[in-house]
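>>> kindly return the folded structure for what I paste below:
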Amino acid sequence: MNSDQQTAKPVKGILYYDIISPFSYFYIKQRHRFEKRVDIQPIPILVGGLFRATDNRGPGEIDAKRTHTYQYCIWLAEKLGLPFRFPEHHPFLTVAAQRLLVEQNAQWEMIERAFEYIWVEGKDPNLSWPDFCQYLDLAIDTPKPDSPDIKAKLIANMELAKADGAFGVPTLILNGHAFWGVDTIDWALDYLNKPSMFEEAAYLYAGQVPKGL
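Numbers count the residues shown, from 1 in each chain. As a prediction, this is how the structure comes out:
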C-alpha cells in the first residue's frame, strides 16, 4: 500500500449479512483487513428471502453441498484461528434475531456478539431468546420485535441487497460492485488498489459472455 492509499479518505461500503451464515461470521472477524480503507455499513437481511428473490438456494438445502460446506467451515475456522462451533441445528429461522438487530440499529460490537452467540457458543437464539438478549447486553425480557415498521425495514433491506446485485451473504458493496463471500476479501482489496479493474476488457467481456445452452 502506498502513502496515498494510507492517507486517502475511506471508501463507503455496505455489508449485507445474516447471522445464519458462518461465512458472514468469518467475514466480520476479518473486517480489520479493510481498516482505514473502507467505512463499512452493516445491514441485516434475511438471506432466505434473498435466495427466493434471486432464484437461488443455500448450501444447507443441498445434501451433498451441505456436508461439504459444513466440513469446509471447520477447516476454515482452524485456518483463520477462530473459535467455531455449530449451533444445535442448522439452518434455523433468524427472523426474530435479524429484526432485533434492525430495531437496535446494531453496530459492530452488538453484531459480533450476535454472531458469537451462534458460531462460538453454538446456540440457536430461538431456543433461548432471553439468554440471547442478555448476551447482546439487552434486557432479559426484551420482546421479539413485531412492529410493522421493523418488519418492513428488514424486507426493504433485502430488496436493497437484491438491487445492489447481492444473491447471498456476506456481500460487500463497493462503488456499485458486489463482492460475495469471505473468499472475495482479497479481490475487494485488489479492487481498492486498482479502481479501474472492472473497466478492463477481460472484465467487461466476462460480464457479458453469451450463454451456450
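>>> list the contacts of the longest helix that the chain contains.
The longest helix of the chain (DSSP state H) is helix 63-80. The contact list for helix 63-80 (C-beta atoms under 8 Å, 6 or more residues apart in numbering) reads P22, F23, F26, K29, Q30, P59, G60, P83, F84, F86, H90, V182. The C-beta positions use only the backbone N, C-alpha and C, and glycine is treated the same way.
>>> if we use 10 Å, what do you get?
22-23, 25-26, 29-30, 57-60, 62, 82-86, 90-91, 119-120, 182-183 (C-beta atoms under 10 Å, 6 or more residues apart in numbering).
>>> out of those, which are buried?
In those, burial by neighbour count holds for 22-23, 25-26, 29, 58-60, 84, 90-91, 119-120, 182, counting by 16 or more other C-beta atoms under 10 Å.
>>> just the residues you listed now: which is nearest A206?
Among the buried ones among the contacts of helix 63-80, V182 lies closest to A206 (C-beta to C-beta), at 21.4 Å.
>>> list the contacts for the closest one?
If you count contacts by C-beta under 10 Å, 6+ apart, V182 has them with 21-30, 76, 80, 170, 172.
>>> go on, P42?
By C-beta under 10 Å, 6+ apart, the residues touching P42 are 13-17, 24, 28, 31, 101, 106-108, 110-112, 170.
>>> is it in a helix, a strand, or coil?
Put simply, P42 is strand when judged by DSSP: H, G, I helix; E, B strand; the rest coil.
>>> beta partners for it?
L15 (DSSP bridges).
>>> any idea how far F51 is from P143?
Using C-beta to C-beta, to the nearest Å, F51 is found at 28 Å from P143.
>>> more crowded one of the two?
The neighbour count for F51 versus P143, taken as other C-beta atoms under 10 Å, is higher for F51 (17 against 11).
>>> pretty sure that one sits in a helix.
Yes: if the criterion is three-state DSSP, then F51 is within a helix.
>>> please verify my assumption that D190 contacts M197.
Yes: contact criterion C-beta atoms under 10 Å: D190 and M197 qualify, at 7.2 Å.
>>> in the chain, where is pLDDT below threshold?
By pLDDT under 70, the low-scoring segments of the chain are 1-7.
>>> that older thread, farthest-separated two in the contacts of P42?
G13 and M110 (19.0 Å).
>>> quick one: E78 from A64, how far?
According to C-beta to C-beta, E78 and A64 sit 22 Å apart.
>>> whoops, I mixed them up, H177
According to C-beta to C-beta, H177 stands 31 Å off from A64.
>>> out of the two, which sits in the busier spot?
H177 (15 against 8).
>>> quick check: phi and psi at the residue lying closest to A8 once chain neighbours are set aside.
Nearest residue to A8, sequence neighbours excluded (C-beta to C-beta, 6 or more residues apart in numbering): R37, at 7.7 Å. Phi and psi for R37, reported as degrees, to the nearest 10, are phi -110, psi -30.
>>> quick check: R37 touching L189?
Yes: using C-beta under 10 Å, R37 makes contact with L189 at a distance of 7.6 Å.
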